[in-house]
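1. just a sequence and a predicted model for now, questions to come.
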Amino acid sequence: MKTFSMPSTEMPARRLPAHADVYAGPQDDDGGRHGGNDAGFETGTVTKTRPKTKRPNLYRVLLLNDDYTPMEFVVLVLQDVFNKSHEDAMQIMLHVHQKGVGECGVYPYEVAETKVTRVMDTARKNQHPLQCVMEKQ
Ligand code: TYC
């Protein structure tokens, strides 16, 4: 049930003259539309409706275990770089500690790359051997 209303963010409906939605011009460059007559007006049905939407290429950002990086440092990195709550960060850190590798998140290429760089820079500055990598999903 709708309990509130928001201003619409959609484009206003395009106002077209009558028949403009099936007009293909005098040349027969009908992109998937069929039919027509000598007056240059299409009378058929629009059949090509496949929208050209591309999914972004996503990458998993993974943290690797090691024997030296302090657990609390890993938790702070997960909170700071990956915006995890303390509870989620602790869970991910323990997973990595026990299994050897764990996922911090899935992001578009450049976001994933920036997060890997932030983790590696922070680890190096603090002289911890923590490793972070990305892999295509
Ligand atoms: N294994 C580390 C320790 O016992 C903790 C650790 C967890 C290190 C996760 C890295 O990605 C890591 N101090």
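-> Looks like it came in fine.

2. sort out which residues of the helix or strand hosting E72 are buried, please.
-> Following DSSP states H and E, one finds E72 within helix 71-82. Buried positions in helix 71-82, judged by neighbour count with 16 or more other Cβ atoms under 10 Å: 73-78, 81-82. Using the backbone N, CA and C atoms, a C-beta is placed for each residue, glycine as well.

3. please apply the same query to stretch 83-98.
-> Buried-residue list, stretch 83-98, by 16+ other Cβ under 10 Å: 84, 89-90, 92-93, 96-97.

4. so which of the residues you listed comes closest to M120?
-> Checking the buried residues of stretch 83-98 against M120 with Cβ to Cβ, the nearest one is V96 at 15.3 Å.

5. what's the closest non-adjacent residue to the closest one?
-> G102 (3.9 Å; Cβ to Cβ, 6 or more residues apart in numbering).

6. counting by contacts, list what the helix or strand hosting that neighbour packs against.
-> Per DSSP H and E: G102 is located in strand 101-108. The contact analysis (3 or more Cβ pairs under 8 Å, 6 or more residues apart in numbering; DSSP states H and E) places strand 101-108 against strand 58-64, helix 71-82, helix 86-99, helix 109-125.

7. and this structure, which residues reach the ligand?
-> 63-67, 69-71, 74, 93, 96-97, 130 (Cβ under 6 Å from any ligand atom).
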